[in-house]
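Asker: The following comprises the amino acid sequence and a computationally predicted model.
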Amino acid sequence: RSHTAASYLRLLDRFRAVGDPRGEAWALQNLAWIAYVQGRTSVAEDRLAVSATTFEELGDRGGLGWALGLLAFVRFHQGDHEEAGRLGEQILAEARERGDQWAEGMMLLLLAGVRMWSGHAAAAVPAAEQALVRFRAIDDRFGQAQSLSAMARSLVAVGRVPEALARLEEAQSRYLGDAATDAGVAIGAAGAGAFLGDPDRAMAALALADAPDPTSPTTLGDGDRAVALALTLLQRDDLEGALATLDALGVHDHTAGSDDAFPYGESVFALALAAAGRGAEVGPHAVAVRT
């Protein structure tokens, strides 16, 4: 990953040296993607701002669409569901106009997540179903696994538990054993288990796929897995384990030099602190979730 970033940084310097703004914008777009996958959403945001502005000035609608589509995911992971949804709807409409099924699937998947985490789980289900149709049409396994996981979590949230479990079983039977899809399947199954109040199911799901130390995330999704672990430990009445997991992840540290938002982690930390009788410490985490 670092080698790829270094390569794009060299390309960025070359494009700037020869005065090629379009090349510069694409290099920044790729660097933004790398930062996003690493969970460095504020860095991705800064790079996308320059990239999108350049594409817009050049009248490059394709490049602008890529930049804004990625920005929608950045906003989602920062907890700005309103902006993520607005951008997602915009890019979805453009993707449909040009018949880009991959872009449609990605934006539908985004909108499923936005609706799920903003309290509209019933509307998330059809978005995830439509995303699955698009990804199956183009045989995109990563998208299929993500769509099934999103469907399962949304179905649990609206009380359609048998359907949710069927989707989880499908995801596990089809997509486990693939490095590109393992993490998404495991996190989705763990999240559904936690929603069901079934910590044993959630813990079993977390063990489905090999992963790095969950308290030392190096790529997008590792942090979600760590928070799912903390929530599962909390449901098992292991308050010390839950707090230690979140503490190691750095969710508690609002002065650690990073302005990346992590609403999911903050919300679980607030729950863990409350359960531990540390009510006076809950405030900053609850505020971080709301903002």
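Answerer: Okay, I see it.
Asker: contacts, neighbours, all on C-alpha from now
Answerer: OK.
Asker: Okay, and V156 sits in which element?
Answerer: helix 141-157 (DSSP states H and E).
Asker: can you list contacts of the helix or strand following that helix?
Answerer: Next in sequence after helix 141-157, counting helices and strands by DSSP H and E, comes helix 161-175. For helix 161-175, contacts defined as Cα atoms under 8 Å, 6 or more residues apart in numbering pick out 141, 145, 148-149, 151-156, 181-182, 185, 188-189.
Asker: which pair in those spans the largest distance?
Answerer: R141 and V156 (22.8 Å; Cα to Cα).
Asker: neighbour-wise, which of these two wins?
Answerer: V156 (21 against 17; other Cα atoms under 10 Å).
Asker: Quick check: pLDDT value at the residue nearest the centre of the chain.
Answerer: In the chain, the centroid-proximal residue (Cα atoms, centre = their mean) is H77; its distance is 5.5 Å. Model confidence at H77, given as pLDDT, is 85.
Asker: how far away is it from L110?
Answerer: 10 Å (Cα to Cα, to the nearest Å).
Asker: give the contact list for V282.
Answerer: F269, A270, L271, L273, A274.
Asker: Okay, and the first one sits in which element?
Answerer: Right, F269. Using DSSP H and E, F269 falls in helix 263-275.
Asker: Could you tell me which residues within that helix count as buried?
Answerer: Judged by neighbour count using 16 or more other Cα atoms under 10 Å, the buried positions of helix 263-275 are P263, Y264, G265, E266, S267, V268, F269, A270, L271, A272, L273.
Asker: Likewise for stretch 132-142?
Answerer: L132, V133, R134, F135, R136, R141, F142.
Asker: mind checking the end-to-end distance for that stretch?
Answerer: Note: stretch 132-142 ends 10 Å apart using Cα to Cα.
Asker: Just the residues contacting that stretch, thanks.
Answerer: Under Cα under 8 Å, 6+ apart, the answer for stretch 132-142 is Q101, W102, E104, G105, G143, Q144, S147, L148, Y175, A180, T181.
Asker: Let me know the angle separating the host helix or strand of the fourth one from helix 141-157.
Answerer: This points to G105. For G105, the host element (DSSP H and E) is helix 101-117. Put simply, helix 101-117 runs at 20 degrees to helix 141-157, going by axes from the mean of the first three to the mean of the last three Cα atoms, to 10 degrees.
Asker: next SSE after helix 101-117?
Answerer: helix 121-137.
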